[in-house]
Each structure stands twice: as C-alpha cells, then as structure tokens.
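>>> pasting a predicted model and its sequence here:
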Amino acid sequence: MVEHLRKSIGSDGQMVHVEKIGARKGSYVEIPNELSDKSKSALKSIGINKLYSHQAESILASLSGKNVVVATMTSSGKSVCYNLPVLEALSHNLSSCALYLFPTKALAQDQLRALLTLTNGFDCGINIGVYDGDTSQKERTWLRENARLLITNPDMLHMAILPLHRQFSRILSNLSFVVIDEAHAYKGAFGCHTALILRRLRRLCSHVYGSDPSFVFCTATSSNPREHCMELANLSTLELIEKDGSPSSEKFFVLWNPVLPLRTVGLFANIVELDKSEFGIDGRNASDKSLSPISEVSHLFAEMVQHGLRCIAFCKSRKLCELVLCYTREILEEVAPHLVNSICAYRAGYVSEDRRRIESEFFGGKLCGIAATNALELGIDVGHIDVTLHLGFPGSIASLWQQAGRSGRRERSSLAVYVAFEGPLDQYFMKFPQKLFCGPIECCHIDAQNQQVLEQHLVCAALEHPLSLLYDEKYFGSGLSKAINALKNRGYLTSNPSNDTLSKIWSYMGHEKRPSRSISIRAIEAERYIVIDKQLNETLEEIEESRAFFQV
Ligand SMILES: Nc1ncnc2c1ncn2[C@@H]1O[C@H](COP(=O)(O)OP(=O)(O)OP(=O)(O)O)[C@@H](O)[C@H]1O
C-alpha cells in the first residue's frame, strides 16, 4: 500500500517520511496457579490460554494487595489485568465489592459487555451494572442494593454517589478495588477535579466505612504513568507494570506533506493560514479543494475503503470530520458509488443511540471507515482496524500514538498516515520526523493542590462528612487550613467554637442542597444547547454554548 500510494496519489512527493516500526514477539506465560479454576476457565472461554507476561505480573501484584498501574501499548490486553484479580477477589469474598471508573459512558458500556462475556463462564453470582446518567431510577435502586461490581464515571461519583453515600454504604463498606481505566484521560482541569473526587472517596471509605480499597490503573504510554496515577489517587505506593508482553505487528507510519502550489507568502499570510488550520476551515474555495490537506486525507480515505481496508480518519474538530466525510463521499460517488454508505462520521455531540449504532455497525463490518474526532481515541472496541489517517497534529505525541494504536490490533500489519496542515507544528514534524519517533512522549500533569478546585470540592466533602484539619490534611494537602478559612469567611463552613484549631470539626452550612451540582468537572461551561431538526423533530446533537452560535 505504501508503494502504491507513493506512485499514485502521492506522486507529487507528499510522502516525506516512512517509518517502519518492526513487529514485536509476544512474551507468554502460563496462567498462574494463584488463579482459581473458575478464572482459568473464564479466560479460556474467551480464547485466552496463556497470559502476556505483563498481565500475569499485574494480576499477581493486585492479588497480593498492591496498588498497580499498567502502562502498556494500545490493545495489549489491559482489561484482563484488572478484571481477573477483581473477579477472583469478589468470588472468594462474597461481600467484597469493586468500583470501575471510565471517563466516558461508551467505554463503560463496552466494558460491561466484555465483563459479561467473561463472567458467562464464571458462575460466581457477582451482580455487575453500569451506574451512570443513562441508568433508570429503578435500575439505580436495584444496583445500590445488589451490585458488587459497579461501573461508573467520575461525574456520577461526584454528583450522585458521594453526596448520597449512605445509600451506597454496603458497597463502600466492602470496597476492595477501585479500577481506573484510561487514566491518561485524567489530566488538566478534568484530572484535577477527578483527583479531588478520589480524595473524597478515599476519605469517606476510611472515616465512615472503614475500608481501604486497592487501586488498579490502566493508562496509555506517557513519560510519568506512576507519578501521575499516584497524584491522581493520592497514593504513597504504586507498582508500575510497563514491560509489554503482548505481540504487536509491523506498522508503517507515513508522514504526508501536501504540496500546496498556492502557498501564501509573508507573515500576514502565515497568520491567516495558521488561523484556518487551527479552526479546521478549508480556506480555499471549492475549485481549490483538491489542493488542501483535507482533500488529501479524503483521497487517502477513499483509497483505503476501495482496497477493503478498515480505516479511521482522525480529525481535530467536528467540522473537519464532517468535511472529510463529505469530500470522501464525493470521491467515492464517482469511482465506487456502492461504497458511499460504507463510511460515516463519529464525534462528540451525536446522540448516544447514534454513536452506539455507528460503533456496532463498524464492529460488525457494515461500515468500513469512520471519520472521527478524538472521541474514538479511547479504547472502545470497534474490531480490527488496518489504517489510521491523522489530519493534522492532534495536540500531543501521546495522543498521536494512541490514535495510531487503534490499528494493527490482533497481530495484523497496519498503516498510519499523518497528513500535515501548513501550521508551524505540523511543518516542524514533517521536517524533523525523528522528533515524533525518537523523542520523549509528554507527561500527564495534574495539580490536586489547585486552590480554586480544592475549595469547590471541600464544600462537597464537608457536606458528605464534616472536615477536620487533624484527619483530613493527609487527603487534601497543606492547603487545607487556608481553604477552610476562606470557606468559613464565605459562609460555607462552620465549626464547633470550643476546641483549638487542630481539633475543630467543620460542617457545611451553605445554601445549596447539593453543591456538587454547580461544579462542572469537565469544562468551564455549564450551558449546553441541543440542536433539533424541527421538520423531523429529531435531536441532532448537543453543543457547548461557546461553539453553538458560530458552529451551528
Ligand atoms: N493473553 C492474551 N492472549 C490472547 N489475546 C488476548 C490476551 N489478552 C487479551 N487478549 C485480546 O486482546 C484484545 C485487546 O484486549 P483489551 O481490549 O483488553 O486491550 P486494551 O489494552 O485494554 O486495549 P485499549 O488500549 O484499546 O484499551 C482483546 O480482543 C482480548 O481478548
């Protein structure tokens, strides 16, 4: 395919670099004897007869009570690393419970499916369920009373579980595992909020319910997986498992720099071009379409689909996603009209039923290609992918690898093509490919001491269980005293007057019944708009206020 592309649509010299990433042999080990026969047969029922070395290593570490972070490649069987020790522990101790956190609802559903398949051959009476915004009230009540493995997200933990923790007392008293998959997603503001939510959880477990769960994290490769996860959950020890024992196939990574004869010259022109690429707007008029990176990606996309290769075209924005889909369909209309409906777009904003339908049609083979935003970057299982296309640098090298890792699962060779915009960062990587392939990957950063975020969560924590400097500094850090003072002055906290500062107990006295509701843990914007097709009376998508008026 690489040679074919070089001679056909890449014949103007667009292919500026081809990196061949060699295949890696798997390192297999026998399923450890520490696992019960039930676990062994459950694994065999899903076709796993031997474990990858990192799986065995992490399962044994978890079973011995250690906190573990698994930082191996995409599709390296990370879910076995937490599902096995959890199911093993829960089937030995019949009151033990586990909490799984995923950053998106789609991943939670995906994991529920995988767990149910695994436990099919594992008759251990463990009730498993997803507790999120889509769960009905009836199901929620049932899960609170019966679930031993609850799958949820940080938002639900923050808004619906911790504030009502008494309703979850059975689960929290018996909580032996907290599993955090896709831990690299918890960075920046979202990571900072999640870090404080986890501190609230651990504090309640310890002060109210007498439990001290072990943690299992799975994360994409980064420069600091251990430090990041320790900070995320405020842990003092964490075993890092990063020696990947899974096999991987050969991958060709192509850097593709479109030849743009209309390249504008001068500082002003550069700013205009940068602006276009940043906002994902194809700046040329319709007749120039064939010259743009968007059009190049569309031609590559059409080529892959015509060769029967399953492909994801990653785009930086929702608009680019729709444009790539539109252009690719135009190309296919001319050369292979029967394939026009074998591709579609996938992005945040689509209603969840549409997303589930697209995922299952892609998985089932009805669709052959998807133009997606980073909504498809996290590990939703969409089956085997042969090719990933990347329209512009996704913002971090870690993200580019994560996206490219979506292809080549199950030991088949794969291709990634990174198509550059004219902006300086894309052009830099086109000029210095080794910065991508040999340079360090970024760190994941969170600042759990951020005073503003800390204060917001202390209000919630005080409502959940009164605060004490003496017992809570180990959860909330040295900024606790200052934050408590600030909250007292703003009328959120009150204390018993008698005692000295250290033994004072601080209770919530704010006006809001549920302060967690007014804290947005994902974005600064709370206002969202729903886009409705009035003729069909159909909801098309949800969109943040800041985008709504120019994008719709
Ligand atoms: N020991 C094994 N032997 C063979 N196949 C395995 C083994 N462990 C896992 N697999 C298979 O590998 C595939 C990927 O597994 P899984 O989805 O757990 O990987 P992952 O690392 O969580 O992926 P992602 O990075 O996308 O989240 C699954 O189809 C799974 O059945």
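Happy to help now that I have it. Numbers count the residues shown, from 1 in each chain.
>>> what about residue 299, which helix or strand?
helix 293-306 (DSSP states H and E).
>>> would you double-check that residue 246 falls in a helix?
No. Judged by DSSP: H, G, I helix; E, B strand; the rest coil, residue 246 forms no part of a helix; its state is coil.
>>> ok so, going back, the very next helix or strand once past the helix holding residue 299 pairs with which strands, parallel or anti?
The helix or strand immediately downstream of helix 293-306 is strand 311-315, counting by DSSP H and E. Looking at strand 311-315 with DSSP bridges, its partner strands are strand 369-372 (parallel), strand 387-391 (parallel).
>>> now strand 311-315, how far from the chain's geometric center?
Between the centre of strand 311-315 and the centre of its host chain there is 17 Å, according to Cα atoms, centre = their mean, to the nearest Å.
>>> can I see the domain layout of this structure?
2-22+249-437, 28-241, 451-518 (automatic domain parsing).
>>> wait, which of those domains is closest to residue 531?
domain 2-22+249-437 (8.1 Å; Cβ to Cβ). Using the backbone N, CA and C atoms, a C-beta is placed for each residue, glycine as well.
>>> what's across from the closest residue to the ligand within the stretch 201-350 of the chain in the sheet?
Using Cβ to the nearest ligand atom, the closest approach of the stretch 201-350 of the chain to the ligand is made by residue 218 at 6.3 Å. For residue 218, the beta-bridge partners under DSSP bridges are residue 70.
>>> that one and residue 305, how far apart?
Distance from residue 218 to residue 305, counting by Cβ to Cβ, to the nearest Å: 32 Å.
>>> related to what we said a few turns ago, quick one, which of the strands paired with strand 311-315 gets closest to residue 22.
Comparing the strands paired with strand 311-315 by Cβ to Cβ, strand 387-391 comes nearest, at 18.2 Å.
>>> what residues sit buried inside the helix or strand following that closest one?
Per DSSP H and E, the first helix or strand lying C-terminal to strand 387-391 is helix 397-404. Within helix 397-404, the residues scored as buried using 16 or more other Cβ atoms under 10 Å are 397, 398, 399, 400, 401, 402, 403, 404.
>>> so which of these comes closest to the ligand?
Nearest member of the buried residues of helix 397-404 to the ligand, counting by Cβ to the nearest ligand atom, is residue 402, at 8.0 Å.
>>> spell out the secondary structure type for the spatially most central residue of the chain.
The centre of the chain sits closest to residue 378, judged by Cα atoms, centre = their mean, with a distance of 4.3 Å. When classified by three-state DSSP, residue 378 comes out as coil.
>>> not counting sequence-adjacent ones, nearest residue to it?
Distance criterion Cβ to Cβ, 6 or more residues apart in numbering; nearest residue to residue 378, sequence neighbours excluded, is residue 182 at 5.2 Å.
>>> quick one, what contacts the closest residue to the ligand within the stretch 1-150 of the chain?
Closest residue of the stretch 1-150 of the chain to the ligand, Cβ to the nearest ligand atom: residue 77 (2.8 Å). The contact partners of residue 77, by Cβ atoms under 8 Å, 6 or more residues apart in numbering, come to 48, 52, 55, 246.
>>> ok, residue 213 next?
98, 99, 175, 176, 177, 178, 202, 205.
>>> helix, strand or coil for the first one?
For residue 98, the reduced secondary structure class is strand; criterion used: three-state DSSP.
>>> ok, it touching residue 175?
Yes. Assessed by Cβ atoms under 8 Å, residue 98 is found in contact with residue 175 at 7.3 Å.
>>> tell me which of those two has more neighbours.
More crowded of residue 98 and residue 175, by other Cβ atoms under 10 Å: residue 98, with 28 against 23.
>>> which non-adjacent residue is nearest that one?
Nearest to residue 98 is residue 177, by Cβ to Cβ, 6+ apart, at 4.0 Å.
>>> and the contacts of the strand or helix carrying the one you found?
Per DSSP H and E: residue 177 is located in strand 175-180. For strand 175-180, the surrounding residues in contact (Cβ under 8 Å, 6+ apart) are 62, 82, 85-86, 89-90, 93, 96-101, 186, 198, 201, 205, 209, 211, 213-218, 229, 232-233.
>>> show me what the following helix or strand past that strand is packed up against.
Downstream of strand 175-180, the first helix or strand assigned by DSSP H and E is helix 188-207. The contact analysis (3 or more Cβ pairs under 8 Å, 6 or more residues apart in numbering; DSSP states H and E) places helix 188-207 against helix 154-156, strand 175-180, helix 225-233, helix 451-464, helix 469-476.
>>> the ones you listed: which one's closest to the ligand?
Of all the helices and strands packed on helix 188-207, it is strand 175-180 that lies closest to the ligand, at 11.6 Å by Cβ to the nearest ligand atom.
>>> partner strands of the closest one and their direction?
For strand 175-180, pairing defined by DSSP bridges yields strand 97-101 (parallel), strand 214-218 (parallel).
>>> need these in a markdown table with distance to residue 109 and mean pLDDT, can you?
Shown next, in a markdown table, are these (distance: least, Cβ to Cβ, whole Å; pLDDT from 0 to 100):
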| stretch | distance to residue 109 | mean pLDDT |
| --- | --- | --- |
| strand 97-101 | 12 | 98 |
| strand 214-218 | 17 | 97 |
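>>> picking up where we left off before, mind putting the domains of the chain in JSON lines, distance to residue 530 included?
What follows is these, written out as JSON lines (distance: least, Cβ to Cβ, whole Å):
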{"stretch": "domain 2-22+249-437", "distance to residue 530": "9"}
{"stretch": "domain 28-241", "distance to residue 530": "15"}
{"stretch": "domain 451-518", "distance to residue 530": "19"}
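>>> least reliable of the ones you listed going by mean pLDDT?
Across the domains of the chain, domain 2-22+249-437 has the smallest mean pLDDT, namely a mean of 83.
>>> span of that domain from start to end?
18 Å (Cα to Cα, to the nearest Å).
>>> surely residue 139 touches residue 129?
Yes. Assessed by Cβ under 8 Å, residue 139 is found in contact with residue 129 at 6.9 Å.
>>> include distance to the ligand when you put the helices and strands packed on helix 188-207 into TSV, please.
Listed next are the helices and strands packed on helix 188-207 as TSV, based on distance: least, Cβ to the nearest ligand atom, whole Å:
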stretch	distance to the ligand
helix 154-156	18
strand 175-180	12
helix 225-233	13
helix 451-464	28
helix 469-476	30
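>>> between these, which gets nearest to residue 522?
Among the helices and strands packed on helix 188-207, helix 154-156 comes nearest to residue 522, with 7.2 Å by Cβ to Cβ.
>>> any chance you could list what contacts the closest one?
Helix 154-156 is contacted by residues 101, 103, 131, 132, 133, 186, 190, 193, 194, 197, 521, 522 when judged by Cβ under 8 Å, 6+ apart.
>>> wait, which of the residues you listed is closest to residue 68?
Looking across the contacts of helix 154-156 and measuring by Cβ to Cβ, the closest to residue 68 is residue 101, at 15.1 Å.
>>> ok, how many other residues are close to the closest one?
Summarising burial for residue 101: neighbours were counted as other Cβ under 10 Å, giving 26.
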